[in-house]
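Enquirer: can't give you the sequence, but here's the structure:
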Ligand code: NAD
């Protein structure tokens, strides 16, 4: 049951304290500089190795997970509206298919790199195993600032990506989905291109499609809902009272917005929100629906992406994204990009609970600092698994040719998320592990058992 929102609507408030304009590219350059010194893929491998060894996973299994099954890099030629041709670099990584076809989103972003795609694909491998889904992990990306493209250029780029990757992507092999700056419409274009190439109807080739093109009901808010369910489970175990619990959300996109909306509907106090241009803070908390509505209205009519920042929309104190991370709130939800909490700013984090919607928002050296402080982190591989879970439901419905109701989707998502949370939380309690460590141990155990079932060195040398 949802409780009435404790927050008054700030709709129509004047635009105060406009922040200095920061382009997404500027922010990304800062972030890339950060990631270049600490390679995000190396960081992901270190985590798997350390957590795996601590959980007693065999070296044979861990060695296998140190390498991607396959990694494709392609040049994507796109005819621009002015008649010229631009070449974009695209990647698709099938990291590990032990548990099933590889599954993972496609990111359109200037900060995409080969290392990032591999790290994200490795995390998808872990995530699908934590949630108990019959999928391995994959990921894709294109180095592009999609906000600089017209809608028709964006469509051509999306189709070019599918043309380049159609040899590795297929309903029983590798199934993409949306990620940062890709959406249902883009998934629809890609599906259409795949069907044109293969001369088949193949809705199960991609998930997160528009509902009318075979998408699942409930996929749009699944990632945020999964994070919301995890926060509820956390609150139940830590005796947090929603009306007294303050929440800061970095990133107001698909994941961040829906998590903030559902948390507010359940009575939590959303006191800070940000997007790529900066953040807003109000100790009285925000009305999330109003902010979303105004942000939608301010969208350029033909634009695919919002052109305005939340900073320009409501009465607030403006804060930077770094300031948001350091707020004295109960729950911090990083829901934008990876690598935002490093050893350099981990000491400034005050929130006792972090729920990771973004993939890899906390680098492993920062994890150690936060763990020492006693911060409880619900890791990405668990907290954002709602998206891939409903993607799995979409794939199943496409293969069955049968549609589920929204209630069925919500009920089944609730079952998957709460049982995954309980298994991981209980293991953490039993073994005295961090929640992240317990999530990795659960996933690696499942992947390890599947690899063992095919025969490892111990079996063959008998
Ligand atoms: P999105 O494109 O819908 O939204 C991204 C949001 O982040 C936008 O509000 C954008 O303004 C903001 N942003 C971008 N750069 C930023 C910066 N430097 N600082 C602060 N905010 C910034 O993306 P999404 O789908 O919500 O994905 C967000 C994160 O969640 C990503 O890390 C993604 O990998 C992860 N995730 C998403 C899904 C999903 O189903 N959408 C599933 C699992 C994980």
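Expert: Great, that's in hand. Here the structure is a predicted model, which is why all the values come from computation and not from measurement.

Enquirer: next, the buried residues of stretch 74-91.
Expert: With burial defined by 16 or more other Cβ atoms under 10 Å, the residues of stretch 74-91 counted as buried are 74, 76, 78, 88, 90, 91. C-betas here are computed from N, CA, C, even on glycine.

Enquirer: how much space between the first one and residue 238?
Expert: Between residue 74 and residue 238 the computed distance is 46 Å (Cβ to Cβ, to the nearest Å).

Enquirer: which bits of the stretch 251-400 of the chain sit near the ligand?
Expert: 251-256, 274-276, 321, 335-338, 357-359, 384, 387 (Cβ under 6 Å from any ligand atom).

Enquirer: looking at these, which are in strands?
Expert: 274, 275 (DSSP state E).

Enquirer: is any part of stretch 221-232 close to the ligand?
Expert: Yes. Using Cβ under 6 Å from any ligand atom, stretch 221-232 reaches the ligand at residue 223.

Enquirer: same question for that stretch, mean pLDDT?
Expert: Averaging pLDDT along stretch 221-232 gives 98.

Enquirer: would you mind pulling the contact partners of that stretch?
Expert: When contacts are defined by Cβ atoms under 8 Å, 6 or more residues apart in numbering, stretch 221-232 is touched by residues 218, 254-263, 266, 268, 331, 333, 335, 355, 357, 378, 382-387, 389-391, 409-410, 413-414, 417-418, 421.

Enquirer: determine how far that stretch lies from the middle of the whole chain.
Expert: Offset of stretch 221-232 from its chain centre (Cα atoms, centre = their mean, to the nearest Å): 12 Å.

Enquirer: just the buried residues of the contacts of stretch 221-232.
Expert: Using 16+ other Cβ under 10 Å, the buried ones in those are 218, 254-263, 266, 268, 331, 333, 335, 355, 357, 378, 382-387, 389-391, 409-410, 413, 417, 421.

Enquirer: can stretch 161-179 be said to contact the ligand?
Expert: Yes. Interface with the ligand: stretch 161-179 contributes 178, 179 (Cβ under 6 Å from any ligand atom).

Enquirer: how far does stretch 249-261 sit from its chain's centre?
Expert: Computed by Cα atoms, centre = their mean, the chain-centroid distance of stretch 249-261 equals 11 Å.

Enquirer: bridging residues for residue 102?
Expert: residue 136, residue 174 (DSSP bridges).

Enquirer: relative to the ligand, how far out is it?
Expert: Separation of residue 102 from the ligand (Cβ to the nearest ligand atom, to the nearest Å): 15 Å.

Enquirer: wait, that residue touches residue 172, no?
Expert: No. Counting by Cβ atoms under 8 Å, residue 102 stays clear of residue 172, with 10.6 Å between them.

Enquirer: okay, now the closest residue to the ligand within the stretch 201-350 of the chain: neighbour count?
Expert: Across the stretch 201-350 of the chain, the shortest distance to the ligand (Cβ to the nearest ligand atom) belongs to residue 253, at 1.6 Å. By other Cβ atoms under 10 Å, the residues close to residue 253 number 20.

Enquirer: could you do residue 129 as well?
Expert: 28.

Enquirer: ditto for residue 449
Expert: For residue 449, the count of nearby residues is 12 (other Cβ under 10 Å).

Enquirer: again, but for residue 437
Expert: By other Cβ under 10 Å, the residues close to residue 437 number 22.

Enquirer: next: residue 342.
Expert: 19.

Enquirer: before we move on, the earlier item: compare residue 102 and residue 172 (neighbour count), which wins?
Expert: Counted by other Cβ under 10 Å, residue 102 and residue 172 do not tie: residue 102 has more neighbours, with 29 against 11.

Enquirer: list the helices and strands the biggest helix by length in the chain packs on?
Expert: What stands out as the longest helix in the chain, according to DSSP state H, is helix 406-431. Identification of packing neighbours for helix 406-431 by 3 or more Cβ pairs under 8 Å, 6 or more residues apart in numbering; DSSP states H and E yields helix 222-238, helix 380-383, helix 385-400, helix 435-454.

Enquirer: what's the offset of it from the middle of its chain?
Expert: Helix 406-431 sits 18 Å away from the centroid of its parent chain (Cα atoms, centre = their mean).

Enquirer: quick one: mean pLDDT for that helix?
Expert: 97.

Enquirer: buried stuff in that helix?
Expert: Neighbour-count burial for helix 406-431 flags 409-410, 412-413, 416-417, 420-421, 423-425, 427-428 (criterion: 16+ other Cβ under 10 Å).

Enquirer: in these, find the pair that's most separated.
Expert: The span of those, defined through Cβ to Cβ, is set by 409 and 428 at 28.2 Å.

Enquirer: so how far is the helix or strand encompassing residue 51 from its chain's centroid?
Expert: Assigned by DSSP states H and E, residue 51 belongs to helix 40-54. How far helix 40-54 lies from its chain's middle: 19 Å, per Cα atoms, centre = their mean.

Enquirer: and it, what does it pack against?
Expert: helix 59-64, helix 114-130, helix 364-373, helix 435-454.

Enquirer: try it again with 6 Å
Expert: Applying 3 or more Cβ pairs under 6 Å, 6 or more residues apart in numbering; DSSP states H and E, we find helix 40-54 packed against helix 114-130, helix 364-373, helix 435-454.

Enquirer: show me which residues of stretch 231-242 are buried.
Expert: Buried residues in stretch 231-242 (16+ other Cβ under 10 Å): 231, 232, 233, 234, 235, 240, 242.

Enquirer: and if you look at stretch 389-405?
Expert: Buried-residue list, stretch 389-405, by 16+ other Cβ under 10 Å: 389, 390, 391, 392, 393, 394, 395, 397, 398, 404.

Enquirer: check contacts around the fourth one.
Expert: By that I understand residue 392. residue 133 (Cβ atoms under 6 Å, 6 or more residues apart in numbering).

Enquirer: which strands and helices sit next to the strand ranked longest in the chain?
Expert: The longest strand of the chain (DSSP E) is strand 85-96. Here strand 85-96 touches strand 70-79, helix 114-130, strand 136-143, helix 151-165, going by 3+ Cβ pairs under 6 Å, 6+ apart.

Enquirer: and the shortest one, what other elements does it pack with?
Expert: Packed against strand 136-143, as judged by 3+ Cβ pairs under 6 Å, 6+ apart, are the following elements: strand 85-96, strand 102-109, helix 114-130.

Enquirer: can you list these in TSV and add mean pLDDT?
Expert: Shown next, in TSV, are the helices and strands packed on strand 136-143 (pLDDT from 0 to 100):
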stretch	mean pLDDT
strand 85-96	98
strand 102-109	97
helix 114-130	97
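
Enquirer: domain map for the chain?
Expert: What automatic domain parsing lists as the domains of the chain is 11-28+222-383, 66-213.

Enquirer: out of these, nearest to residue 435?
Expert: Closest approach to residue 435 among the domains of the chain is made by domain 11-28+222-383 (5.9 Å; Cβ to Cβ).

Enquirer: close to the ligand: what parts of the stretch 51-200 of the chain are there?
Expert: Contact residues, the stretch 51-200 of the chain versus the ligand (Cβ under 6 Å from any ligand atom): 178, 179, 180, 181.

Enquirer: tell me which of those has the lowest pLDDT.
Expert: Lowest pLDDT among these: residue 180, 89.

Enquirer: tally of neighbours for the nearest residue to it once chain neighbours are set aside?
Expert: Closest residue to residue 180 apart from its sequence neighbours, by Cβ to Cβ, 6 or more residues apart in numbering: residue 107 at 4.7 Å. For residue 107, the tally of surrounding residues (other Cβ under 10 Å) stands at 25.
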